[in-house]
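*Asks:* no letters, just coordinates:
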Ligand code: TRP
């Protein structure tokens, strides 16, 4: 045992489930659906799965190896070896990215809170199917409510981080993740029975191969893979630093990649048949999940209860993810500014709330403000997802592949089979850095 004072997960399953709790969130339901919808559906899915397997999974294992070896937070884990300036910048960039993602993530999670409350109190029950889109738009257009729900969500994430992560998050993830999985599967099953289901499935599973020629597709797929796995910002480094001796990291990484992807696909099956059954536009952007699912609930027997359960679990999944983001920012404040945990959590939460307000207003009163042809929330999502997370990912794989001595990296990864070691090294040293670099260059040229 290296440092007895260091916190640890209470069990092996706890580590996997907490990491899944970080991975599974709005990214799997809200973001996956809208990004896949904007990028042609099935072709996107092909590129997405390729990115998860070839780049995301090796990068997850790289973060695990780094965290398990250093048993320190992001900045500490990057603190040995050559090029100290570059490594410090990478650490600071990770904190900034976490902060920006958290800011608008909380806005969308606030929408989930609102829908949970709306279904729980009955306000949204019995909403006629045809009015779901108009009701959502009306909610967003109002300046106060979306901001208030954003505040409520951020306050709850701040409270969890202020209390300390370990037990709360681990226990919550253990109970909530399986429940959310079951609900999404049920919802997917029901969506399959809708009249337009076949077209929805074709959209999601029958690729229009010509779409694969667009470089923007790969960027979106890679960004989504990082976002959904929670890779590229040091969260997984931190979580892996709490593992117990003898944890099988490769197995955990595989379970997370598989579980996270299955979750997104199940959510896609729940959402896209409804999009086609109700004649909606799959490329309508961030509102997608909040407009289609209420229409499914309106048709389902007992839909009101189902909707309440669904939005409760979505809110909870978003909370476990947001906590991991806030923790990165708060930990930085504790270390660099010497703040107490509570103070750091409070300041980070308040600052992220303020940074998210424009995104909250951007879908309503400020909806005419557009940058790069997108709304404020979409721009924040696009810049962090397609640019900053891939940059963070490249930093991690290059560091583990080239700066950590090879034998130490392999040992820390826990990989035993020679073939897997070679594949992993190939991915972290060459494939992932090259693929990410090519995509970033393509982005610059786009
Ligand atoms: N993975 C989460 C989701 O899908 C979001 C998230 C949590 C995240 N921690 C992260 C994204 C770290 C990037 C990096 O909703």
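*Replies:* Yep, that arrived. Quantities reported herein were computed from a predicted structural model and do not represent experimental measurements.

*Asks:* measure residue 341 to residue 182 for me?
*Replies:* Residue 341 sits 34 Å away from residue 182 when distances are taken as CB to CB, to the nearest Å. From N, CA and C alone the C-beta is placed, and that goes for glycine too.

*Asks:* when these two are compared, which one has more neighbours?
*Replies:* The neighbour count for residue 341 versus residue 182, taken as other CB atoms under 10 Å, is higher for residue 341 (17 against 12).

*Asks:* tell me the contacts of that one?
*Replies:* Residue 341 is in contact with 161, 162, 164, 330, 334, counting by CB atoms under 8 Å, 6 or more residues apart in numbering.

*Asks:* tabulate those residues (CSV), appending neighbour count and secondary structure.
*Replies:* Formatted as CSV, the contacts of residue 341 follow (neighbours: other CB atoms under 10 Å; DSSP: H, G, I helix; E, B strand; the rest coil):
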residue, neighbour count, secondary structure
161, 27, helix
162, 18, helix
164, 14, coil
330, 27, helix
334, 17, helix
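
*Asks:* can you list those in a markdown table and add distance to residue 228 and pLDDT?
*Replies:* Below are the contacts of residue 341 laid out as a markdown table (distance: CB to CB, whole Å; pLDDT from 0 to 100):
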| residue | distance to residue 228 | pLDDT |
| --- | --- | --- |
| 161 | 22 | 88 |
| 162 | 27 | 89 |
| 164 | 26 | 73 |
| 330 | 23 | 89 |
| 334 | 28 | 84 |
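
*Asks:* and the residues you listed, which is closest to residue 395?
*Replies:* Set against residue 395, the nearest of the contacts of residue 341 by CB to CB is residue 330 (21.0 Å).

*Asks:* roughly how far does the closest one sit from the ligand?
*Replies:* 14 Å (CB to the nearest ligand atom, to the nearest Å).

*Asks:* wait, that residue touches residue 161, no?
*Replies:* Yes: the pair residue 330 / residue 161 is scored as a contact, 5.4 Å apart, by CB atoms under 8 Å.

*Asks:* could you name every residue contacting both of those two?
*Replies:* By CB under 8 Å, 6+ apart, the residues touching both residue 330 and residue 161 are 341, 345, 348.

*Asks:* distance of the second one relative to residue 25?
*Replies:* Distance from residue 345 to residue 25, counting by CB to CB: 19 Å.

*Asks:* one more: residue 403?
*Replies:* Using CB to CB, residue 403 is found at 30 Å from residue 25.

*Asks:* comparing the two, which residue is more hemmed in?
*Replies:* Comparing residue 403 with residue 25 by other CB under 10 Å, the one with more neighbours is residue 25, at 29 against 15.

*Asks:* so who does the more buried one touch?
*Replies:* The neighbours of residue 25, taking CB under 8 Å, 6+ apart as the test, are 105, 317, 318, 320, 321, 322.

*Asks:* in the helix or strand where the last one lies, what's buried?
*Replies:* It refers to residue 322. Following DSSP states H and E, the helix or strand that holds residue 322 is helix 303-337. By neighbour count on 16 or more other CB atoms under 10 Å, the buried set for helix 303-337 is 303-304, 306-334.

*Asks:* and the pLDDT for the closest residue to the ligand within the stretch 51-200 of the chain?
*Replies:* Using CB to the nearest ligand atom, the closest approach of the stretch 51-200 of the chain to the ligand is made by residue 101 at 5.8 Å. Looking at residue 101, its pLDDT is 94.
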